[in-house]
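*Asks:* Okay, predicted coordinates and the sequence, questions at the end:
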Amino acid sequence: MFAKKMDRHVPNIIRQFSNHKPTIIFCHTKKETENLATELSKLNGITLPQDNHELAGQTNVPSLQRCLLKGVAYHHAGLEASDRKLVEKAFIDFNIKCLCATSTLAVGVNLPAHLVVIKGTSAWRGSGNGYQEIEKSSLLQMIGRAGRPGYDSSGTAVIMTDDQSEKKYKEISSSLESVESHLQLRLVEVLNTEISQKVVTSFKSACDWLATTFLFQNTKKQLLITKNAMQPDDPEKWLIQTCGITLKALNDAGVICVKGHENYGNGDVTPLFPSHVMSHHMVDFESMKLIMQLPFDSETRQLLVMLSKFDGLHRPVRRSEKRFLNNAHKAIKYK
């Protein structure tokens, strides 16, 4: 319902900010892109002054034909590759004034526009997750399509959101949002890479390395502002404790060897073969532990069971994929 209400405001936004230049409207579902493009194709002042029969005749999709005829189009993963290429080229050649697309267009396809409209800041992530806010990185990718240097002297991005989220997205778009380090989420993997490359060779050098990161500077500031009973109040204690926990985890898993690791005083740190594998192939720590648990003469079934536990291989199943996967499941050997 909220998405449909936003549709009514899109034409006025285009008229006010597009300056009669190319516009991209980012929607969050394939159906939304098609519906909005169809509605925009019916409006004067947004469509091309003359019908483009030659362009419309290059696709066999009736709804896309009707949109292209008026200089409007939609773009999503459900289109055939040839139709996506047709739309992309037409937009670059200024034969399309308005393009309604899903967020996948923001990554990989170089289609700059004068005006970018982001229609809504939350998207449906499946029945298990419900509606979730779009990632900041995706949002910035979309905004970055507006007024790219070399293509336009200026650009405008409009974020359509609810009242509760207005302040947050104003801060993001104006770069006022505080910057936080996310190194903590991948500290084991990053520290292992430093060990594998012989940058970190001891407990002391691990602490010295961590002290140079933005994570430490950020944490030091937070520790001085807030007193947390679950964390040491001294940044140096936090540094030693964090290095100790991380090195112990790698050592206990057999990825590295820390001599004198029980007290972590001046223990030397040596990378083992799994450390190099983990670093070179960018394998996360939990997945590496699963690999190391496999017997040397593992059978195919054991390998498949292990792979099924990899977090990185899990993703939501699209509706269009269900029939194919059901048929594949009937023929699969291992279940």
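*Replies:* Looks like it arrived, so ask away.
*Asks:* buried residues in the longest helix along the chain?
*Replies:* Taking DSSP state H as the criterion, the chain has its longest helix at helix 235-252. Going by neighbour count (16 or more other Cβ atoms under 10 Å), the buried part of helix 235-252 is Pro235, Trp238, Leu239, Ile240, Thr242, Cys243, Gly244, Thr246, Leu247, Ala249, Leu250, Asn251. Just so you know, the C-beta spots here come from the backbone N, C-alpha and C atoms, and that holds for glycine as well.
*Asks:* and if you look at stretch 139-157?
*Replies:* For stretch 139-157, by 16+ other Cβ under 10 Å, it's Leu139, Gln141, Met142, Ile143, Arg145, Ala146, Gly147, Tyr151, Asp152, Gly155, Thr156, Ala157.
*Asks:* Look over those residues and name the one with the lowest pLDDT score.
*Replies:* Minimum pLDDT across the buried residues of stretch 139-157 is recorded for Tyr151, with 76.
*Asks:* What are the boundaries of the strands in this protein?
*Replies:* 23-26, 72-75, 98-101, 115-119, 122-124, 131-133, 156-160, 256-258, 269-271 (DSSP state E).
*Asks:* who's in contact with the residue nearest to Phe310 when sequence neighbours are not counted?
*Replies:* Leaving aside its chain neighbours, Phe310 sits nearest to Ser287 (5.2 Å; criterion: Cβ to Cβ, 6 or more residues apart in numbering). By Cβ atoms under 8 Å, 6 or more residues apart in numbering, the contact set of Ser287 is Phe310, Asp311, Gly312.
*Asks:* Which of the residues you listed lies at the shortest distance from Leu43?
*Replies:* Nearest to Leu43 out of the contacts of Ser287 is Gly312 (Cβ to Cβ; 43.9 Å).
*Asks:* got the contact list for the closest one?
*Replies:* Residues in contact with Gly312 (Cβ under 8 Å, 6+ apart) are Asp284, Ser287.
*Asks:* Per-residue pLDDT of it, please?
*Replies:* Looking at Gly312, its pLDDT stands at 72.
*Asks:* Distance to Val72 added to the contacts of Ser287, as a markdown table?
*Replies:* Shown next, in a markdown table, are the contacts of Ser287 (distance: Cβ to Cβ, whole Å):
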| residue | distance to Val72 |
| --- | --- |
| Phe310 | 42 |
| Asp311 | 40 |
| Gly312 | 38 |
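*Asks:* now, which of those residues sits nearest Leu40?
*Replies:* For those, the residue nearest Leu40 by Cβ to Cβ is Gly312; the value is 38.3 Å.
*Asks:* How much space separates the closest one from His114?
*Replies:* Between Gly312 and His114 the computed distance is 38 Å (Cβ to Cβ, to the nearest Å).
*Asks:* can you check Ala73 too?
*Replies:* 16 Å.
*Asks:* Which one's more surrounded, these two?
*Replies:* Ala73 (30 against 22; other Cβ atoms under 10 Å).
*Asks:* for the residue lying closest to Ser165 once chain neighbours are set aside, phi and psi?
*Replies:* Nearest residue to Ser165, sequence neighbours excluded (Cβ to Cβ, 6+ apart): Thr121, at 5.7 Å. Per-residue torsions, Thr121: phi -120, psi 10 (degrees, to the nearest 10).
*Asks:* residues touching Thr121, list them.
*Replies:* Glu133, Ile134, Leu139, Ile159, Met160, Thr161, Asp162, Ser165, Tyr169.
*Asks:* now those residues: which count as buried?
*Replies:* Glu133, Ile134, Leu139, Ile159, Met160, Thr161, Tyr169.
*Asks:* possible to save those residues as CSV with distance to Gln217?
*Replies:* Listed next are those as CSV, based on distance: Cβ to Cβ, whole Å:
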residue, distance to Gln217
Glu133, 27
Ile134, 29
Leu139, 26
Ile159, 30
Met160, 36
Thr161, 32
Tyr169, 27
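*Asks:* Need the max-distance pair from the residues you listed.
*Replies:* Using Cβ to Cβ, the two most remote members of the buried ones among the contacts of Thr121 are Glu133 and Met160, lying 13.5 Å apart.
*Asks:* for the stretch 51-200 of the chain, which spans come out with low pLDDT?
*Replies:* Residue ranges of the stretch 51-200 of the chain with pLDDT under 70: 106-109, 125-129, 173-179.
*Asks:* Let me know the closest of the buried residues of helix 235-252 to Lys220.
*Replies:* For the buried residues of helix 235-252, the closest approach to Lys220 (Cβ to Cβ) belongs to Pro235, at 4.1 Å.
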